[in-house]
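> Turn this into a structure:
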Amino acid sequence: MDELEHLEELIKRENWKFVEEGGVTKILAYGRTFPLVHPLAIYQKLYREEKNPEMKFVYMKWIHDALWPNEVLTWNYWTERRFRTYCEGWRIISWAAGASTGKSVDASKIAIIEYTSNPKNTAVIVASTTLESLNSRVFGYLVGYLRHTAIKIPYKLLRSQPPKILYDRDDSIHTISAIAAAKGKDEDAIKNYIGRHPKQKLFIILDEAPDLDLSILSAIPNLEAGQNAFQVIAIGNSNSKNDLHGSLSVPENGWESVDPLKNTQWRTTQKNGLCLFFSCYESPAIFEKDPVRKVALSKFLPTEEQINAKKIEYGNDSDAFWRFVLGFWRLENASDVIVSSAFLRGLNVEKNAEWSGLHGLSMVAGLDPAFSVGGDQCVLRLAMLGQDISGNIVLDFRGEKLLFRLHLSAVIQKSLEEQIAEQVIKILNDFNCPLQNLCVDANGAGFALAEVIKLKAQAIRAPLKVYTVKAGTKSKRFDIIARTPYEMWYAVREFIHHGQIRGLDQKAIVQLTTRLLDVNQVTGKQTLEQKIKYKQRMGAIMPSLAKSPDEMDAAALAVQSAIANFGFTPGQRREIRNSGGDGFFDQKAWVHQQNGKVVDVGSGGRLSPPVATFKSGLGEMVSRKKGLGW
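Next up, the predicted model:
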């Protein structure tokens with residue numbers, strides 16, 4: 001059979017017709033005419049031009065079956081979900097599943113179909129952890145499936161570093177390119193492609209997404225800029241809600257809104273984002289009724305026997321089972337952050353303290369300077385230090401009642417330092433908080449700001465200046481020297497652990513539980529995620545979260561003030577005794593002075609938290625600092 005006869009046979013098989021148009025024989029298909037070409041070329045054209053998601057999927061499925069007819073037997077509803085949602089045009093799609101669930105295979109097939117359907121106008125980027133791992137992951141599958149298509153596709157594989165696949169050697173933009181972007185090793189790997197925009201479509205596959213660098217989050221908007229079409233698929237064995245994969249999968253209504261036993265997909269906080277979850281318990285290899293197909297699917301998808309074996313091997317509630325078998329995020333991954341949400345449960349950090357009424361309350365404050373107009377605001381927050389009804393010495397931030405975001409203006413004929421100083425002094429005076437009970441982050445311009453506040457207040461003593469420096473550094477210019485911001489935040493954790501932090505606002509709690517730890521791969525030393533990276537990462541998850549963690553920084557500074565001024569220590573308490581007549585507190589009958597009035601609570605009564613007058617003065621604070629303490 002010659003080439004024309006073979007083409008005629010293929011056209012008849014599709015139930016298409018030959019028509020004469022202007023004396024030229026053409027193919028009539030789907031109400032349109034095409035030149036005498038292989039049906040694959042027609043379906044590729046239909047696929048790249050189609051806007052209707054359902055028809056686009058129909059064309060994509062035909063291309064798939066034509067290229068890999070031997071794979072028709074193992075086509076399953078997981079693969080169909082992946083292909084359909086891709087054709088629906090979601091901007092960022094996350095695939096969450098355990099190991100051996102067909103993610104890499106399906107991603108490589110989509111990439112081949114997308115690229116070969118429009119090679120002169122499309123670019124594909126496959127990002128993985130290392131160049132070495134590329135061959136065993138999506139890029140390796142991609143090369144293998146290109147080599148074994150039933151209809152031969154012209155392509156060139158360049159064994160460069162990194163490798164590339166392309167139609168035209170002279171076109172370095174419209175390629176399938178592999179890059180390595182592991183955590184902390186090559187943060188700029190994907191950013192190098194910014195500016196190299198294809199004519200029509202950029203498709204990115206984030207392979208092993210839990211282990212890729214978070215800087216990709218901030219690179220995505222720039223990669224998308226100027227594209228007519230842009231899509232990302234992030235795949236991985238779900239590990240942490242704070243890694244790249246988890247960040248791209250955050251449910252629109254929060255993690256509490258999804259359940260691995262109930263939800264198979266959800267909209268994410270990403271613009272036009274969708275997460276697909278493929279539970280091992282819903283594996284096509286378990287529910288397939290056809291015995292031949294069931295055997296074929298069982299070779300690469302989870303079976304009941306395999307799941308039960310993994311339960312015995314890993315433990316059905318172990319981290320390994322959740323990640324590599326179930327494929328869903330655990331409730332928490334505490335190793336990523338200083339304080340996890342699970343750690344906070346039951347510690348009541350958001351609830352206000354109930355004061356014992358036996359001792360005066362003292363006010364402390366923390367100031368996190370932010371010198372910008374129209375950007376992040378300078379945050380001042382106050383907190384009340386005292387004894388609660390259980391005897392614990394606690395620091396109560398009172399939610400947002402004592403939280404102040406200072407407004408800066410470029411119009412006012414005063415320096416930013418002066419504007420901040422005046423607002424800080426007024427607030428401290430309003431709440432009877434002595435200047436020396438204010439802790440200022442003295443890094444950078446904060447040192448000078450502390451002096452400006454002192455001069456403006458005409459005070460003898462300046463605010464406490466906190467400076468974070470390398471271990472072993474000594475300086476008389478600063479009142480408190482912390483090795484790193486990590487040390488300051490960890491101090492807060494210790495007080496939370498002992499139930500001594502109260503009234504923390506929701507913004508600070510979010511910052512406390514989402515600011516990541518960076519771990520030096522050589523020394524193992526832990527440091528806090530840089531503010532700029534935190535802001536970029538959180539903003540990429542949800543634009544409204546693109547804020548510097550200043551509320552929590554200011555809270556950490558207030559804790560430092562309580563430590564320096566009053567000897568505040570983890571586990572600190574003062575016992576409340578019932579003796580009835582020996583001078584100690586009698587819980588059955590006591591009086592309390594509130595706003596200058598004696599209130600008789602009576603037997604068994606309990607007074608609401610008192611309103612502090614903050615009139616204790618310097619004498620009491622000096623005595624405490626001399627060792628009398630709480």
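
> and the helix or strand harbouring I42, which residues are buried?
Counting by DSSP states H and E, the element that carries I42 is helix 39-49. For helix 39-49, burial by neighbour count (16 or more other CB atoms under 10 Å) applies to 39-40, 42-48. The C-beta positions use only the backbone N, C-alpha and C, and glycine is treated the same way.

> What is the neighbour count of G144?
12 (other CB atoms under 10 Å).

> would it count as being in a strand?
No: remark: G144 does not belong to a strand; assigned using DSSP: H, G, I helix; E, B strand; the rest coil, it is helix.

> Distance-wise, check it relative to Q231.
From G144 over to Q231 the distance is 23 Å, taken as CB to CB, to the nearest Å.

> so where's the longest helix in this structure?
Of all segments of type helix in the chain, defined using DSSP state H, the longest is helix 550-566.

> what about that helix, average pLDDT?
Average pLDDT, helix 550-566: 93.

> so what does that helix touch, helix or strand wise?
strand 362-368, strand 378-387, strand 393-396, strand 438-441, strand 464-468, strand 480-482, helix 485-497, helix 506-514 (3 or more CB pairs under 8 Å, 6 or more residues apart in numbering; DSSP states H and E).

> how far off strand 378-387 does that helix point, in degrees?
With axes from the mean of the first three to the mean of the last three CA atoms, to 10 degrees defining the directions, helix 550-566 sits at 40 degrees from strand 378-387.

> Reduced to three states, what does the nearest residue to W90 once chain neighbours are set aside come out as?
Using CB to CB, 6 or more residues apart in numbering and skipping the chain neighbours, the partner closest in space to W90 is L274 (4.4 Å). Here L274 is recorded as strand under three-state DSSP.

> Could you do L36 as well?
L36 falls in the coil class when you classify it by three-state DSSP.

> just to revisit the earlier point, weakest of the helices and strands packed on helix 550-566 in terms of mean pLDDT?
strand 480-482 (a mean of 67).

> Please verify my assumption that L131 contacts A180.
Yes: if you go by CB atoms under 8 Å, L131 and A180 touch, sitting 4.9 Å apart.

> who has more neighbours, the two?
A direct count of neighbours by other CB under 10 Å for L131 and A180 places A180 higher, at 20 against 14.

> Look up how far P162 lies from that one.
Relative to P162, A180 is positioned 7 Å away (CB to CB).

> shared neighbours, these two?
131, 134 (CB atoms under 8 Å, 6 or more residues apart in numbering).

> Poorly predicted segments of this structure, please.
For the chain, the stretches flagged by pLDDT under 70 are 1-2, 183-196, 331-335, 370-376, 444, 467-478, 480-483, 521, 577-630.

> which phi and psi does the residue nearest the centre of it have?
In the chain, the centroid-proximal residue (CA atoms, centre = their mean) is S247; its distance is 3.7 Å. Dihedral angles of S247 (phi, psi; degrees, to the nearest 10) stand at phi -60, psi -30.

> nearest spatial neighbour of it, skipping sequence neighbours?
Nearest residue to S247, sequence neighbours excluded (CB to CB, 6+ apart): I541, at 5.0 Å.

> what does W95 give?
W95 sits nearest to I235 (CB to CB, 6+ apart), 4.5 Å away.

> close enough to count as contact, I93 and C87?
No: assessed by CB under 8 Å, I93 is found out of contact with C87, at 11.0 Å.

> In terms of packing, which of those two has more residues around it?
Between I93 and C87, I93 has the larger neighbour count (other CB under 10 Å), namely 26 against 21.

> list the contacts for the more buried one?
By CB under 8 Å, 6+ apart, the contact set of I93 is 85-86, 231-234, 273-276.

> now those residues as CSV including distance to E354 and neighbour count?
Below are these laid out as CSV (distance: CB to CB, whole Å; neighbours: other CB atoms under 10 Å):
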residue, distance to E354, neighbour count
T85, 51, 18
Y86, 55, 23
Q231, 54, 20
V232, 50, 24
I233, 52, 26
A234, 46, 29
G273, 43, 22
L274, 46, 20
C275, 42, 27
L276, 47, 21
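
> Turn these into a markdown table, including distance to A123.
As requested, these are exported to a markdown table (distance: CB to CB, whole Å):
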| residue | distance to A123 |
| --- | --- |
| T85 | 21 |
| Y86 | 16 |
| Q231 | 12 |
| V232 | 13 |
| I233 | 15 |
| A234 | 18 |
| G273 | 21 |
| L274 | 22 |
| C275 | 25 |
| L276 | 24 |
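
> which among the residues you listed gets closest to D168?
Distance to D168 across the contacts of I93 (CB to CB) is lowest for Q231, with 22.8 Å.

> Tell me what the closest one is bridged to.
When bridges are called by DSSP bridges, Q231 pairs up with F203.

> Kindly list the main-chain dihedrals of N15?
When read as degrees, to the nearest 10, the backbone of N15 gives phi 60, psi 30.

> Next, work out how far apart it and Y47 are.
According to CB to CB, N15 stands 19 Å off from Y47.

> now swap in R91 and tell me
With CB to CB as the criterion, R91 and Y47 are 19 Å apart.

> OK, contacts around the residue nearest to W90?
Neighbouring residues of L274 by CB under 8 Å, 6+ apart: 85, 90, 92-94, 265-268.

> one step back: helices and strands around the helix holding I42, which ones?
strand 32-34, helix 53-67.

> follow-up on the earlier one: can you check which residues contact both of L131 and A180?
Listed as contacting both L131 and A180 by CB under 8 Å, 6+ apart are P162.

> Give me the spatial nearest neighbour of K454, chain neighbours excluded.
Among residues not flanking K454 along the chain, A462 sits closest, at 3.8 Å (CB to CB, 6+ apart).
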